[in-house]
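Asker: based on what follows, work out the 3D shape:
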Amino acid sequence: MQRAVQESRGPVRYGPPAPGPGLPVLPELAAVFGAAVSRTGPEPPGGGPALREAAAGYWSRRGLRCGPDHVVAADGVQSLLLALLAAEGGDLLVPRPCPAWWSPQARLLGRRAYPVPTPAECGGVPDSYALLETVRRVRAEGGTPRLLLLSVADDPTGTVAPPEVTHEACEAAVSEGLYLISDETWNGTLHRPRETVLLSPAEMRPDRVTVTVDLAGSLTPTAWPVAVARFPDTAGGSARRARALDVLTAVGAVVAGPVAAAAAHALGEPRAVRERARQAAAAYARVAAAAHRAVLAAGALARPPAAGRYFYADLGPLRRGLEARGVTDALELENFLGERFGVPTQGGHRFGDDLDALRVRFATGPFLGATRRQRLESLASPEPLELPHVARALTAFATALDRLR
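Answerer: Numbering: from 1, shown residues only. You can find the predicted model right below:
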């Protein structure tokens, strides 16, 4: 039977999906997953001992020492953030732009998410003076700001915040009594790891920061949802962890057994996992740099991508050409570019930016190939830009942008 009434087009459910990384599953992880498929029971709420121990080791190798009792795991980063927000209470401050799923989590809990402008050099971390002003304005209007979400290696902008910018934002937040949640999913995907200095907010204010990592997409396939959080080794951190565990238990946000086994293996970072991460970061770095050059050559604006699999562009300088094609805002730009490029492309309004601004997040994954064989070739090649399928995709991208002028 055909549906007689068209469904309401809500902003979350009907946003175009972000293209996934599309990378083939690492055979070693697939073997671990396959060996665990006979596990019929889920992990306990917050994750089992092996998964939490592996997560603690992952952070300890990065200078954020912790034990398994300071860690919780959930069946995806959305479930994890929802538990963290519910456990803390109060309103949320986020950088503008920010990941598309952050603000809907606050709204779901009946909280408000207040955007704060970012500095000129990066996204992911709010400008410290703008943060102070926003907090004071929100309180004057009767709001209760208690949390700041930030990401030093940022989605959607693909930038990495300089340590001094992160430090200023952390100090401003703590001076106003805010607690911080640092999304560090993309910290291990630096495009130029030897040239980029990245510091976690938890290194600067270890007593005031909870760190989250979404493994699905960064260390494990996106179809295996799992995320972990690290809490401070303080009385306050233990209380926050206990409240988050209560929420995860109440909503049944537990990790599937086979996923937990694969995630624990990936967090242990054996040689094959480290090599895949290195290859992926190098391949994304090269195609992102080429796509960024194409955006600038077309007359648009974008910060140079430095991490992750996305970058953020401002097509405002191309407004005249876009208006001639019926594109006047970010929603129309999203639809237009999705049709033009043949892959879903998300407008800046999805990330909390102004609807009237012609901004968009570009994914770099599709440049690596459309088939498993092509993507493996892109990963293995020291010069992926010379592969025919990569060159064709980048040429088509550059040509489509150039025609907008």
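Asker: identify the residues contacting the residue most central in space within the chain.
Answerer: Taking C-alpha atoms, centre = their mean as the criterion, residue 155 is the residue nearest the geometric centre of the chain, at 4.3 Å. Under the criterion of C-beta atoms under 8 Å, 6 or more residues apart in numbering, the neighbours of residue 155 are 99, 124, 185, 186, 308, 310. Just so you know, the C-beta spots here come from the backbone N, C-alpha and C atoms, and that holds for glycine as well.
Asker: so how far is residue 32 from the fifth one?
Answerer: Looking back up the chat, that one is residue 308. 25 Å (C-beta to C-beta, to the nearest Å).
Asker: these two: who's more crowded?
Answerer: Between residue 308 and residue 32, counted using other C-beta atoms under 10 Å, residue 308 has the larger neighbour count: 30 against 18.
Asker: from residue 284, how far out is the more buried one?
Answerer: Residue 308 sits 7 Å away from residue 284, taking C-beta to C-beta as the criterion.
Asker: what helix or strand is residue 52 located in?
Answerer: helix 49-60 (DSSP states H and E).
Asker: same check on residue 148?
Answerer: strand 145-150.
Asker: that strand packs against which elements?
Answerer: helix 77-88, strand 91-96, helix 128-140, helix 163-175, strand 179-183 (3 or more C-beta pairs under 8 Å, 6 or more residues apart in numbering; DSSP states H and E).
Asker: can you say which of the ones you listed is nearest to residue 362?
Answerer: strand 91-96 (18.2 Å; C-beta to C-beta).
Asker: tilt between that closest one and strand 145-150?
Answerer: 30 degrees (axes from the mean of the first three to the mean of the last three C-alpha atoms, to 10 degrees).
Asker: and the next element down the chain from strand 91-96?
Answerer: Downstream of strand 91-96 (by DSSP H and E), the next one is helix 102-108.
Asker: by contact count, what packs against the helix or strand that that next one is followed by?
Answerer: Downstream of helix 102-108, the first helix or strand assigned by DSSP H and E is strand 113-117. Where contact means 3+ C-beta pairs under 8 Å, 6+ apart, strand 113-117 is packed against strand 91-96, helix 102-108, helix 128-140.
Asker: what's the most buried one of the ones you listed?
Answerer: Greatest average neighbour count among these goes to strand 91-96 (a mean of 24), per mean count of other C-beta atoms under 10 Å.
Asker: alpha carbons of it, in PDB - could you do that?
Answerer: Extracted as PDB, the C-alpha positions of strand 91-96 are listed here (Å, rounded to 0.1, in the frame of the first residue of the first chain):
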ATOM      1  CA  ASP A  91      22.900  23.800  28.800                       C
ATOM      2  CA  LEU A  92      25.600  23.200  26.200                       C
ATOM      3  CA  LEU A  93      28.100  25.400  24.400                       C
ATOM      4  CA  VAL A  94      29.400  24.200  21.000                       C
ATOM      5  CA  PRO A  95      31.800  25.700  18.500                       C
ATOM      6  CA  ARG A  96      30.200  27.000  15.200                       C
END
